[in-house]
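Asks: make a model of this:
(one chain, ligands or ions: 1)
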Amino acid sequence: MNHYGTMKVNAQGHLEIGGVDTVDLAARYGTPLYVYDVALIRQRARAFKEAFQNLGVKSRVAYASKAFSSIAMLQLANEEGLSLDVVSGGELYTAMAAGFPAEKIHFHGNNKSREELEMALDANIGCIVVDNFYELGMLENLCAARNRKIRVLLRVTPGIEAHTHDYILTGQEDSKFGFDLQNGQAETALKQALDSKWLKVHGLHCHIGSQIFETAGFVLAAQKIMEKLDKWHKLYGYFPQVLNLGGGFGIRYTSEDNPLPPGYYVTEIVKEVKHQVNMRRLPMPEIWIEPGRSLVGEAGTTLYSVGSSKEVPNVRKYIAVDGGMIDNIRPALYDAKYEAVLANRPLAKCEETVSIAGKCCESGDMLIWDLPLPKAGSDDLLAVFCTGAYGYSMANNYNRIPRPPVVFVENGKDELVVKRETYEDLIRNDLHLRVPLAE
Ligand code: LLP
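Replies: Model prediction:
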């Protein structure tokens, strides 16, 4: 069994997280249930921050809230001194509801609406990461109409192919995100923004992809950006205060994954930027990063109750649980791999290889293929590890199944932070047919 954070097997032989028995949690809150190990989130946040502090570099570690956004989670991020990356009006609204300091919020997105930009300006957030010319023009007009300035980062696409799944690759040239660094787009955007009376170009941003296990891509991105910055410094006398190298640091979903410790990425990034500025006699910019998955991914475990099973003779045995692609769409969407144990007897001997199916009416609703497990039945609880990032945040109501609740655990205590959706919640926005449409 892979051990994440404070996870262990307790005296009852049950899986325990944050000093709390998962069997007890399932009994009290029901299943499916997302359980977050708060100590592990804190540990990750501190590891990123301390790495920068040890290197004596001005920095910001922004939590990419798309990985898991809820009021309590954002309050925890704030408690840990993180900044925040939001990508929609909804994420910004959640941040404001959580009382997150506006100055520490950065707004991303490749198609922010006028309403979203107005909301960001009204909230006085720290900066807007401008993605394209359409947004540049719109933001300029909105600021002019309000007679106010705003800090911006320009998102550039450095033309790097990080080794990860195609859908979560973002830094390559053929991408919907950002101003292309190589073909002059980024330079045109910079000139336009520098000429603006309303936009203060605080820096540049890039994000090369997600679930990345090596530092080479980040180093290369820093190199490519510094090359251009050197040129722009000479041409326009501009040098950014901030260089934001995005998120994307990999985590261990299964024993086949070998992620680097957070500090390692930070050190390699800082080393390269320092080298580049020294070589080019430029000032050292602040380095910002925005990890999502690496802060919360390994901290999340989903508990399910085991239900029906089906044997396909000589082929496989399916074991179904009470959740699936509603609470974790990643296996169906990205062929993502997970590991799991029986939470009520994690050390029991594995007797067979089974495939874990969800309960949705769709053959692709599988959580894990070919998992070694003891013979499991309806008294058993399945704990799927590493579901803390893009699990709850990508949860949906397919088949009108309510979303599971979220519980935080720490130091032997548990706290419900997101309630289970109810059937009433599901029909909250539905309206009755008043006039038969045929009449
Ligand atoms: N910054 C930007 C601009 C991003 O686009 C992303 C993720 C992040 C930061 C955070 O990346 P992280 O550290 O979490 O890898 N739904 C997919 C992941 C999509 C990531 C999108 N952008 C998944 O479940 O794997």
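
Asks: any idea which element the closest residue in space to Phe249 that isn't next to it in sequence lies in?
Replies: Of all residues not flanking Phe249 in the chain, Ser294 sits nearest, at 4.1 Å (C-beta to C-beta, 6 or more residues apart in numbering). C-betas here are computed from N, CA, C, even on glycine. Per DSSP states H and E: Ser294 is located in helix 293-296.

Asks: export that helix as CSV, just CAs?
Replies: C-alpha atoms of helix 293-296 as CSV (Å, rounded to 0.1, in the frame of the first residue of the first chain):
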residue,chain,number,x,y,z
ARG,A,293,-2.4,19.2,-8.2
SER,A,294,0.9,19.0,-6.2
LEU,A,295,-0.7,20.9,-3.2
VAL,A,296,-3.9,18.9,-2.9
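
Asks: other residues contacting that helix?
Replies: 36, 41, 44-45, 48, 63-64, 67-68, 73, 77, 82, 210-211, 247-251, 259, 262, 388-390 (C-beta atoms under 8 Å, 6 or more residues apart in numbering).

Asks: narrow those to those in helices?
Replies: Ile41, Arg44, Ala45, Phe48, Met73, Ala77, Pro262 (DSSP state H).

Asks: from these, which two are the most distant?
Replies: The distance between the two most remote of those (C-beta to C-beta) is 18.2 Å, for Met73 and Pro262.

Asks: those two - which one has more neighbours?
Replies: Met73 (27 against 23; other C-beta atoms under 10 Å).

Asks: buried ones in stretch 155-162?
Replies: Across stretch 155-162, burial judged by 16 or more other C-beta atoms under 10 Å covers Arg155, Val156, Thr157, Pro158, Gly159, Ile160, Ala162.

Asks: wait, is the first one part of a strand?
Replies: Yes - assessed by DSSP: H, G, I helix; E, B strand; the rest coil, Arg155 belongs to a strand.

Asks: quick one, what contacts it?
Replies: By C-beta under 8 Å, 6+ apart, the contact set of Arg155 is His108, Val129, Val130, Asp131, Phe177, Gly178, Phe179, Leu204, His205, Cys206, His207.

Asks: just those: which has the poorest pLDDT?
Replies: Ranked by pLDDT, the contacts of Arg155 bottom out at Phe177 (93).

Asks: for the stretch 151-300 of the chain, what are the low-confidence residue spans?
Replies: Residues of the stretch 151-300 of the chain meeting the criterion pLDDT under 70: 161-172.

Asks: can you tell me which residues in it are near the ligand?
Replies: Residues of the stretch 151-300 of the chain lying near the ligand by C-beta under 6 Å from any ligand atom: 168, 170, 207, 210-211, 246-249, 290-294.

Asks: now, the most widely separated pair of these?
Replies: By the measure C-beta to C-beta, those have their two most distant members at Thr170 and Ser294, which lie 16.0 Å apart.

Asks: neighbour count winner among the two?
Replies: More crowded of Thr170 and Ser294, by other C-beta under 10 Å: Ser294, with 28 against 22.

Asks: regarding Thr31, what is its secondary structure?
Replies: coil.

Asks: for the residue in the stretch 301-439 of the chain that the ligand sits nearest to, give me the pLDDT.
Replies: Using C-beta to the nearest ligand atom, the closest approach of the stretch 301-439 of the chain to the ligand is made by Tyr390 at 3.2 Å. On pLDDT, Tyr390 comes in at 98.

Asks: ok, now how distant is it from Leu84?
Replies: To Leu84, Tyr390 is 17 Å away according to C-beta to C-beta, to the nearest Å.

Asks: so which of those two has more stuff around it?
Replies: Between Tyr390 and Leu84, counted using other C-beta under 10 Å, Leu84 has the larger neighbour count: 28 against 24.

Asks: quick one, phi psi at the spatially closest residue to Ala67 that is not a sequence neighbour?
Replies: With sequence-adjacent residues excluded and distances taken as C-beta to C-beta, 6+ apart, Ala67 is closest to Gly292, at 3.1 Å. When read as degrees, to the nearest 10, the backbone of Gly292 gives phi -120, psi -70.

Asks: my guess is Gly292 contacts Lys66. True?
Replies: Yes - counting by C-beta atoms under 8 Å, Gly292 touches Lys66, with 5.9 Å between them.

Asks: can you name the residues bridging to Val129?
Replies: Beta-bridge partners for Val129, by DSSP bridges, are Leu153.

Asks: dump the residue contacts of it.
Replies: Applying C-beta under 8 Å, 6+ apart to Val129 gives the contacts His106, Phe107, His108, Gly109, Val152, Leu153, Leu154, Arg155, His205, Asn244.
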